[in-house]
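# The following block contains a protein sequence and its predicted model.
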Number of protein chains: 2
Amino acid sequence: MSRKNKREHTSDQLPKLGIQPYLDLMEKTALQNTDRKLAHLGLLMLWLGDNAIDAIDLNLETFGITESKWDVLLLLTLHEDRELITPSSLADRLGIRRASVTALLDWLEKRHWIIREQSMLDGRKIHVKITQEGRELVAGALPVFWSACSSIMSELEEEERMLLEKILMKLNRSMEEKMGVGR
Amino acid sequence: MSRKNKREHTSDQLPKLGIQPYLDLMEKTALQNTDRKLAHLGLLMLWLGDNAIDAIDLNLETFGITESKWDVLLLLTLHEDRELITPSSLADRLGIRRASVTALLDWLEKRHWIIREQSMLDGRKIHVKITQEGRELVAGALPVFWSACSSIMSELEEEERMLLEKILMKLNRSMEEKMGVGR
DNA sequence: TGATTTTAGTTAGATAATCTAATTATATTC
DNA sequence: GAATATAATTAGATTATCTAACTAAAATCA
């Protein structure tokens, strides 16, 4: 008796449909002026983006950190010694509310990865800095982060890679414009 | 006095760095065997994926629904009349725990978009179905969903589009293998 | 210059999406 | 028929968000 038959009656999983049923549904339900080819690409991008984020999260997890907190530490790292970083500017850059940044910073501060310092020029402002311990965490996680990024793309041939680079840069630019964000 | 000067002293925003500082950081911190070009592409994909998801979420929001719940309704729609859908099989497909599915279904059931029916063949199982009201919601949201998908890609030329399709299909396949998931 | 308004940050309280562990009921297996 | 496995739920927790209200400080204006 085959393994297939065995699992047949143990549990009813949903079969993997692949993309075709989605395209069929699109054919029936998209507006006339919606370009099917583009929507198909957008759907793929959505799925791929989801998976890419999951893959990165999985790698960051081993450092006891989530994507949101990683984003904060990365911003602090990249802007260190260049400009004064406040909770407000972080909120602005991350596209979240100041209150949400307060929560992230509380968590990071409790673990001594960042510190808050009152600004002397403007008593309302807080200067946020990464600590030595924080720098060490980032130094440990960065190599893994880059390798995770590259692993997403590892199947690509040299030629595909060059084409994709051009296209992704373009899409990223237009997307940032559309969403009014940027890194 | 220029507008630039005016905003200079109102608020200190973090300047948008673009990708170069990230690449510089990568140069310093990636492992030797990490392919820089691939990591660069992976990083772009991550950013783009983030933005794509945000854009879709924004559109679904107008229907009072989030991506997780949308995923459930879409699965119910696509598998309707084909197979018995249980909370377990949804959990399996969505890559989350049964307990999390219970919470999603509670929410959807309260709004009468799905119903639960006890299975008569196996008293432990629950049969989950989309309702007429649920179908109407999905019918309303689908055209917007497709148009949002296509809008992510709207800048592409015909040629780029064809290249990208091939590459994304390939990446999606390899990604699903790597992550052990699939749609 | 003093009153008013704006800004920065936090707090309080909420919702959403997830998790693990425990519980209950039903099936399956030995 | 007792032990084990499975399906679903419940209870309780964490993380990431949000809005609204609050406090303190700075800027404006009249």
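Nice, I can see it.

# Reduced to three states, what does A:Leu74 come out as?
helix (DSSP: H, G, I helix; E, B strand; the rest coil).

# how close does the spatially closest residue to it that is not a sequence neighbour sit to A:Trp70?
Spatial nearest neighbour of A:Leu74, excluding adjacent residues (C-beta to C-beta, 6 or more residues apart in numbering or on different chains): A:Val138 at 7.3 Å. (Each C-beta comes from the backbone N, C-alpha and C, glycine too.) Distance from A:Val138 to A:Trp70, counting by C-beta to C-beta, to the nearest Å: 9 Å.

# Outline the domain layout of chain A.
Chain A breaks down into these domains under the TED database: A:37-152, A:153-182.

# so which of those domains comes closest to B:Ser88?
domain A:37-152 (20.8 Å; C-beta to C-beta).

# Show me how far the closest one is from its chain's centre.
Taking C-alpha atoms, centre = their mean, to the nearest Å, one finds domain A:37-152 lying 10 Å from the centre of the chain it belongs to.

# Spatially central residue for chain A, please.
For chain A, the residue nearest the mean C-alpha position is A:Ile53 (5.1 Å; C-alpha atoms, centre = their mean).

# tell me the pLDDT at the closest residue to it other than its chain neighbours?
Of all residues not flanking A:Ile53 in the chain, B:Gly49 sits nearest, at 5.8 Å (C-beta to C-beta, 6+ apart). Model confidence at B:Gly49, given as pLDDT, is 94.

# contacting residues around A:Asp71?
Residues near A:Asp71 by C-beta atoms under 8 Å, 6 or more residues apart in numbering or on different chains: A:Leu94.

# Please apply the same query to A:Leu168.
B:41, B:44-45, B:48 are the contacts of A:Leu168 under C-beta under 8 Å, 6+ apart.

# rewinding a little: got CSV for the domains of chain A, with distance to B:Val101 too?
What follows is the domains of chain A, written out as CSV (distance: least, C-beta to C-beta, whole Å):
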stretch, distance to B:Val101
domain A:37-152, 18
domain A:153-182, 31
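
# rank those by pLDDT, which is bottom?
Per-stretch mean pLDDT for the domains of chain A is lowest at domain A:153-182 (a mean of 92).

# Check the gap between the residue nearest to A:Ile53 and A:Ser151 for me.
15 Å.

# Check A:Ala103 too.
Distance from A:Ala103 to A:Ser151, by C-beta to C-beta: 31 Å.

# And those two? Which one has more around it.
Using other C-beta atoms under 10 Å in any protein chain shown, the more surrounded residue of A:Ala103 and A:Ser151 is A:Ser151, with 21 against 12.

# Mind giving me the packing neighbours of the strand or helix carrying the more buried one?
Assigned by DSSP states H and E, A:Ser151 belongs to helix A:132-152. Counting by 3 or more C-beta pairs under 8 Å, 6 or more residues apart in numbering or on different chains; DSSP states H and E, the packing neighbours recorded for helix A:132-152 are helix A:36-61, helix A:67-79, helix B:20-29, helix B:36-61, helix B:158-179.

# ok, stretch A:72-80 near DNA strand D or not?
No. Stretch A:72-80 stays clear of DNA strand D (C-beta under 7 Å from any atom of the strand), getting no nearer than 8.9 Å.

# Can you name the residues of chain A sitting close to DNA strand D?
By the rule C-beta under 7 Å from any atom of the strand, the part of chain A lying against DNA strand D is A:10-11, A:66-69, A:94-97, A:99-100, A:103-104, A:107, A:122-124.

# can you give me phi and psi for A:Leu17?
phi -80, psi -30 (degrees, to the nearest 10).

# my guess is it contacts B:Arg82, does it?
No. Look at A:Leu17 against B:Arg82 with C-beta atoms under 8 Å: they stay out of range, at 9.1 Å.

# Pull up the gap between A:Glu80 and B:Leu14, please.
Distance from A:Glu80 to B:Leu14, by C-beta to C-beta: 12 Å.

# Which one's more surrounded, those two?
B:Leu14 (20 against 12).

# How about the contacts made by the more buried one?
B:Leu14 makes contacts with A:75, A:79, A:83, A:85, A:89-90, A:92-93, as judged by C-beta under 8 Å, 6+ apart.

# Nothing else from me, thank you.
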